[in-house]
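**Q** Fold the following for me, if possible:
(chains A, B, C and D)
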Protein chains: 2
Amino acid sequence: MNKNISDKVINRLTLYHCILTDYIEKNVEYIPSKQLAALLKIDDSQVRKDISVLNNSGKSSVGYNVVELRTSIEKTLGFSKNKKAFIIGAGNLGMALAKYDNFQHYGLNILALFDIQKEKIGKTVNNKLILDINKLPNLSNKSNVDIAILTVPRQQAQAMADFLVNANIKYIWNFTPTVLSVPEDVQVWNENLMGNFLQFTYNI
Amino acid sequence: MNKNISDKVINRLTLYHCILTDYIEKNVEYIPSKQLAALLKIDDSQVRKDISVLNNSGKSSVGYNVVELRTSIEKTLGFSKNKKAFIIGAGNLGMALAKYDNFQHYGLNILALFDIQKEKIGKTVNNKLILDINKLPNLSNKSNVDIAILTVPRQQAQAMADFLVNANIKYIWNFTPTVLSVPEDVQVWNENLMGNFLQFTYNI
DNA sequence: CATCATACGTGAATTATATCACAAAGCAAA
DNA sequence: TTTGCTTTGTGATATAATTCACGTATGATG
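**A** Residues are numbered from 1 along each chain as shown, chains lettered A, B, ... in the order given. Sure, this is the predicted structure:
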């Protein structure tokens, strides 16, 4: 088990990572906490506290070395761990995610998609096969996959989650607007797009 | 301006909404806070506190009327406000979002997509036209659109954000792995998919 | 090399969020 | 209608997250 870092800190670290990637492209060498803070509209001491969980140190009166800092974040958050996953549901969103090559930079490797519609099965998306959902238990076992990206229609979400749990899937990245009911040892991350949108636009 | 409700509360309200929708379909009439809490693995008093910000009241020894509660949530979070938006970038993700009809249930109305690639312009996705990005300022002004859903490649994100700000866009739903720099009066919501994934899989 | 300005690192103080605990209300059943 | 059980609503308490404040380090400048 990793060092315990709260979700909020991890989330900010990923945002720092985005900024650092930009700065590296721009050939900037150092960035002070104040600047990171300004971009995220948070306090600079917060930035320094977050960074203090990494094994990284900044330089007085200069700031942080962007390359080193980015590497520290990648190391801590496990960018280089190879995380294999299946996409469940080859609909619009599932297809879009399958085509999103950026995932690989973050260690996420999508091996295949699964669907129930016979006419989709056998086709490929971005070199990834769409397979019959019934083949999943076998394949997840053989390829040691325990992450599923759930993009099926809302009405089928819980039934599919049950199926996945039975197939020994332990992590479900849930893109359906559903609160899934799963056993203790299975983790669900609700992407909850519309919820986020409502949060975002609440004050409009 | 709306009553002030913290992001955390709003987020949970949207999850309650998902659960309630399920329960309504299952023809359940009442749900106790304890049950909502169990599904989200939180404390039941938390659920009651959240609900207390709505103008809704539960019944002792019975729970909350699911239909009433859902309506209260929708009212408070502004489901019925018509929020018009443009999708910027007709790539995989942009297209997928354009096809995602579920948005309408939440008051989000996507009027059109915009892109720079000439070969995409003029085509339609789910009855929405893909237009030349240069037409945006005029159209956003005429149609009174101030929400943009940003799905362009990372490298173009900041430049496009600048362009949008100039076109008087005030809300940017940012799907690019970038921290955008915008003026005070412009709101950005970072969807940060990969960041969420890393949070989710941090302990794997 | 002395002075000034900048920026890190981190305890202390503050603010926000979540949990506890219990009075009051309402249903069910004898 | 009385007793027992369940559940709400909410102050009090506990925990978590953020901001403040300041000592220390380092680079720049005259």
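
**Q** near DNA strand C at all, the helix ranked longest in chain A?
**A** Identified as the longest helix of chain A according to DSSP state H is helix A:7-25. No. Judged by Cβ under 7 Å from any atom of the strand, helix A:7-25 and DNA strand C are separated, with a smallest distance of 9.7 Å. C-betas here are computed from N, CA, C, even on glycine.

**Q** where does that helix sit relative to the chain's centre, distance-wise?
**A** In this view, helix A:7-25 has its centroid 14 Å away from the chain centroid, taken as Cα atoms, centre = their mean, to the nearest Å.

**Q** after it, next one along is what?
**A** Per DSSP states H and E, helix A:7-25 leads on to strand A:30-31 as the next helix or strand towards the C-terminus.

**Q** before we move on, what SS does the residue lying closest to A:Ile147 once chain neighbours are set aside have?
**A** Closest residue to A:Ile147 apart from its sequence neighbours, by Cβ to Cβ, 6 or more residues apart in numbering or on different chains: A:Ala85 at 3.8 Å. Secondary structure, DSSP: H, G, I helix; E, B strand; the rest coil: A:Ala85 is strand.

**Q** isn't A:Ala148 right next to A:Phe86, touching?
**A** Yes. Using Cβ atoms under 8 Å, A:Ala148 is in contact with A:Phe86, at 5.4 Å.

**Q** The helix or strand encompassing A:Asp162 packs against which elements?
**A** Following DSSP H and E, one finds A:Asp162 within helix A:157-166. Packing partners of helix A:157-166 (3 or more Cβ pairs under 8 Å, 6 or more residues apart in numbering or on different chains; DSSP states H and E): helix A:136-143, strand A:147-150, strand A:171-174.

**Q** Chain A against DNA strand C: which residues are in contact?
**A** So chain A meets DNA strand C at A:32-34, A:44-45, A:48-49, A:51-52, A:57-64 (Cβ under 7 Å from any atom of the strand).

**Q** Kindly recompute the last result at 6 Å.
**A** A:32-34, A:44-45, A:48-49, A:51-52, A:57-58, A:60-64 (Cβ under 6 Å from any atom of the strand).

**Q** Could you check how far the nearest residue to A:Asn190 once chain neighbours are set aside is from DNA strand D?
**A** Closest residue to A:Asn190 apart from its sequence neighbours, by Cβ to Cβ, 6+ apart: A:Asn174 at 5.0 Å. Plainly put, A:Asn174 is 22 Å away from DNA strand D if you go by Cβ to the nearest atom of the strand, to the nearest Å.

**Q** Specify the residue positioned farthest from the middle of chain A.
**A** Seen from the C-alpha centroid of chain A, the residue lying at the greatest distance (Cα atoms, centre = their mean) is A:Ser61, 34.5 Å away.

**Q** Neighbours of A:Leu164, how many?
**A** The number of residues packed near A:Leu164 is 26, by other Cβ atoms under 10 Å in any protein chain shown.

**Q** ok, now which ones touch it?
**A** A:88, A:136, A:148, A:150, A:172 (Cβ atoms under 8 Å, 6 or more residues apart in numbering or on different chains).

**Q** From B:Asn166, how far off is it?
**A** For A:Leu164, the distance to B:Asn166 (Cβ to Cβ, to the nearest Å) stands at 46 Å.

**Q** again, but for A:Pro153
**A** A:Pro153 is 39 Å from B:Asn166, by Cβ to Cβ.

**Q** where does A:Gly63 fall, phi/psi-wise?
**A** phi 120, psi -150 (degrees, to the nearest 10).

**Q** Not counting its neighbours along the chain, what's nearest it?
**A** A:Pro32 (3.4 Å).

**Q** Count the residues that sit near the one you found.
**A** Quick note: A:Pro32 (other Cβ under 10 Å) scores 17 neighbours.

**Q** if I pick it, what's in contact with it?
**A** A:Pro32 makes contact with A:44, A:58, A:62-64, according to Cβ under 8 Å, 6+ apart.

**Q** from the residues of chain A next to DNA strand C, which ones fall inside strands?
**A** When strands are assigned by DSSP state E, the members of the residues of chain A next to DNA strand C inside them are A:Tyr64.

**Q** So which of the residues of chain A next to DNA strand C is the closest to A:Ser181?
**A** Nearest to A:Ser181, judged by Cβ to Cβ, of the residues of chain A next to DNA strand C is A:Lys49 at 36.2 Å.

**Q** Just want the angle from the lowest-mean-pLDDT helix or strand in chain A to helix B:193-201.
**A** Lowest mean confidence among the helices and strands of chain A (mean pLDDT, DSSP states H and E): helix A:193-201, at a mean of 92. On the basis of axes from the mean of the first three to the mean of the last three Cα atoms, to 10 degrees, helix A:193-201 is oriented at 120 degrees to helix B:193-201.

**Q** Would you mark the buried spots in the longest helix of chain A?
**A** Buried residues in helix A:7-25, counted by 16 or more other Cβ atoms under 10 Å in any protein chain shown: A:9-23.

**Q** how about it, does it reach chain B?
**A** Yes. Residues of helix A:7-25 contacting chain B under Cβ under 8 Å from any Cβ of the partner chain: A:7, A:10-11, A:14-15, A:17-19, A:21-22.

**Q** Same list (these) but as JSON lines, adding pLDDT.
**A** Below are these laid out as JSON lines (pLDDT from 0 to 100):
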{"residue": "A:Asp7", "pLDDT": "95"}
{"residue": "A:Ile10", "pLDDT": "96"}
{"residue": "A:Asn11", "pLDDT": "96"}
{"residue": "A:Thr14", "pLDDT": "97"}
{"residue": "A:Leu15", "pLDDT": "98"}
{"residue": "A:His17", "pLDDT": "98"}
{"residue": "A:Cys18", "pLDDT": "97"}
{"residue": "A:Ile19", "pLDDT": "98"}
{"residue": "A:Thr21", "pLDDT": "97"}
{"residue": "A:Asp22", "pLDDT": "97"}
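
**Q** What is the nearest of these to B:Thr178?
**A** Distances from B:Thr178 to the residues of helix A:7-25 next to chain B, taken by Cβ to Cβ, are shortest for A:Cys18, at 5.5 Å.

**Q** how about that closest one, what does it touch?
**A** B:177-179, B:192, B:195.

**Q** With A:Glu191 instead?
**A** A:173-175, B:193, B:196.

**Q** Now for A:Leu136: which residues touch it?
**A** Per Cβ under 8 Å, 6+ apart, neighbours of A:Leu136: A:86, A:88, A:114, A:163-164, A:167.
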